[in-house]
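> got a structure for you, letters missing:
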């Protein structure tokens, strides 16, 4: 049996080149499988 769900993604980084991700709105579409979770993240804003 698979379960589908949505979630928001929060990024925390110390890399100067990636700090813009900390202020980016990210959402994800997720699938819970037998022994893993698979997700695809999308940048909204």
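Now that the structure is in, tell me what you want to look at. Computed from a predicted structure; not experimentally measured.

> Any stretches of the chain with poor pLDDT?
Judged against pLDDT under 70, the chain has no low-scoring part.

> the strands in it, which residues?
Using DSSP state E, the strands of the chain run over residues 3-9, 26-32, 37-43.

> Let me have those strands in CSV, extended by distance to residue 17 and mean neighbour count.
For glycine as for every other residue, the C-beta is placed from the backbone atoms N, C-alpha and C. Converted to CSV, the strands of the chain look like this (distance: least, C-beta to C-beta, whole Å; neighbours: other C-beta atoms under 10 Å):
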stretch, distance to residue 17, mean neighbour count
strand 3-9, 18, 11
strand 26-32, 17, 14
strand 37-43, 16, 11
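
> Just put those strands in TSV and tack on distance to residue 18.
Formatted as TSV, the strands of the chain follow (distance: least, C-beta to C-beta, whole Å):
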stretch	distance to residue 18
strand 3-9	13
strand 26-32	13
strand 37-43	13
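
> Of the ones you listed, which is nearest residue 20?
Closest to residue 20 of the strands of the chain, according to C-beta to C-beta: strand 37-43, at 10.2 Å.

> other SSEs contacting that closest one?
Contacts defined by 3 or more C-beta pairs under 8 Å, 6 or more residues apart in numbering; DSSP states H and E place strand 37-43 against strand 26-32.
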